[in-house]
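Colleague: Next comes the sequence, and after it the predicted model I'd like to discuss.
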Amino acid sequence: MAAERRVRLVERLAEAGAAQPSGVKAKAPDSFLVTNLENVRYLTGFTGSNGMLLLGKDGSARLFTDPRYTLQAASEADCKVTIAKGPMAKSVAKAIEKAGYRRLAVEQEHLTLGASEALKKDLPSRTETLPVSGLVENLRMVKDASELQAIRESVIANSEALEQALRQLKPGMSETDLAAEIDYRNRKLGAERPAFDTIVASGERSALPHAHPGDTLIGSGILLIDMGAFLHGYASDMTRMVHLGKAPAKYKQAYAAVLEAQLAAIAAVKPGVKASKVDKAARDVLKKHGLEKAFVHSTGHGLGLEIHERPRLGRKDSTVLTEGMAITIEPGVYLEGWGGIRIEDTIVVTATGCEVLTPTTKDLRTI
């Protein structure tokens with residue numbers, strides 16, 4: 001599977017124009033150094049915390065890592081492996097010199113300035129580095145069958161973790177305790193780690209879109225839970241609301257408006273539609289309810305090996321949705337001094353529309 005991905009990347013590499021001054025014709029790279037660890041994993045299967053992949057235009061591939069991963073790299077990577085005994089940049093530079101590469105593409109968004117300078121110091125003088133952006137990430141936007149299965153399993157486990165955690169919820173429990181319970185349940189269900197810091201926000205604190213759980217005791221009123229986990233290396237993401245005690249009319253009205261916006265955005269998802277159109281579908285509904293100014297973030301994002309991937313479903317995102325993209329749909333409204341409501345599902349774009357993977361009910365829930 002990883003080998004097939006490298007073939008597609010080499011095809012794009014041949015077409016890639018490195019970042020050049022305006023008016024200067026770009027030369028296609030003859031090699032590509034992949035330094036982002038998620039991209040390395042995507043292209044080789046290697047899951048270690050230190051590695052680089054050198055890819056040639058002829059399809060040759062070599063993974064570089066350090067001695068800690070000698071056995072792991074041999075068992076996971078489906079390409080040649082070099083164990084660097086000293087600075088990795090030196091090992092990479094030697095391989096580049098031996099192969100005779102002259103135009104080395106590098107991931108400008110992931111190669112640090114220090115690493116770049118170290119690499120240039122060791123590279124042959126005839127080799128130039130060409131910054132490129134998004135080559136692997138654009139490939140990763142469309143998931144293959146194995147990736148979609150991993151995401152599906154991650155979503156199902158994440159949803160079950162919420163149900164198990166809510167059975168432990170009692171008034172007076174702190175936000176931190178509930179977040180820990182959620183993370184524990186996800187771990188018990190097979191997750192490697194949370195996909196992000198679990199959000200548990202009660203009362204007025206739910207108006208903070210990315211609130212960090214604190215010592216606040218959960219009492220009657222609004223409770224927002226945003227949670228996800230990595231399972232088989234792939235992320236899930238879900239937000240659900242709970243109201244402790246009888247929900248007042250204002251909460252019911254706001255919840256209904258957000259749910260209507262979320263369903264409208266989901267209905268807009270299909271191949272050929274721009275991401276910005278999905279965002280607009282949610283905003284149009286909230287505008288109808290006078291809540292558009294309380295919606296302060298984008299409608300969703302891609303997810304996979306990372307919790308936030310391309311595309312970003314925002315006002316200005318012109319990405320055209322394609323079958324196989326895994327994305328979230330998560331409109332919300334946030335009212336200072338009152339609270340916030342967000343409803344989020346993980347979905348996948350299908351040939352004719354989309355499939356909602358998240359099984360958890362979106363009915364207004366009270367405890």
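Modeller: Okay, I see it.
Colleague: what distance separates whichever helix in the chain runs longest from the centre of its chain?
Modeller: Secondary structure of the chain per DSSP state H: the longest helix is helix 145-166. Relative to the chain's own centre, helix 145-166 is displaced by 15 Å; criterion: Cα atoms, centre = their mean, to the nearest Å.
Colleague: next one: stretch 85-98
Modeller: The answer for stretch 85-98 is 31 Å, by Cα atoms, centre = their mean.
Colleague: same check, this time on stretch 234-246
Modeller: With Cα atoms, centre = their mean, you get 19 Å for stretch 234-246.
Colleague: for the lowest-mean-pLDDT helix or strand in the chain, packing partners?
Modeller: When the helices and strands of the chain are scored by mean pLDDT, DSSP states H and E, helix 113-122 comes last with a mean of 85. Other elements packing on helix 113-122 under the criterion 3 or more Cβ pairs under 8 Å, 6 or more residues apart in numbering; DSSP states H and E are helix 88-99, strand 128-132. C-beta: built from backbone N, CA, C; applies to glycine.
Colleague: quick one: contacts of the first one?
Modeller: Helix 88-99 is contacted by residues 31, 33, 50, 52, 54, 56, 60, 62, 64-66, 82, 84-85, 104, 115, 118-119, 121-124, 127 when judged by Cβ atoms under 8 Å, 6 or more residues apart in numbering.
Colleague: give me that answer again for 10 Å
Modeller: 30-31, 33, 35, 50-54, 56, 58, 60, 62, 64-66, 80, 82-85, 87, 101-102, 104, 114-124, 126-127 (Cβ atoms under 10 Å, 6 or more residues apart in numbering).
Colleague: Give the ChimeraX command for selecting the buried subset of those residues.
Modeller: Restricted to buried positions by 16 or more other Cβ atoms under 10 Å, the ChimeraX selection for those reads:
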select :30,31,33,35,51,52,53,54,56,62,64,65,66,82,83,84,101,104,115,116,118,119,120,122,123,127
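Colleague: tell me the helices in this structure, going along the chain?
Modeller: Under DSSP H, the chain gives helices at 2-15, 37-44, 70-76, 88-99, 113-122, 135-140, 145-166, 175-188, 249-268, 275-288.
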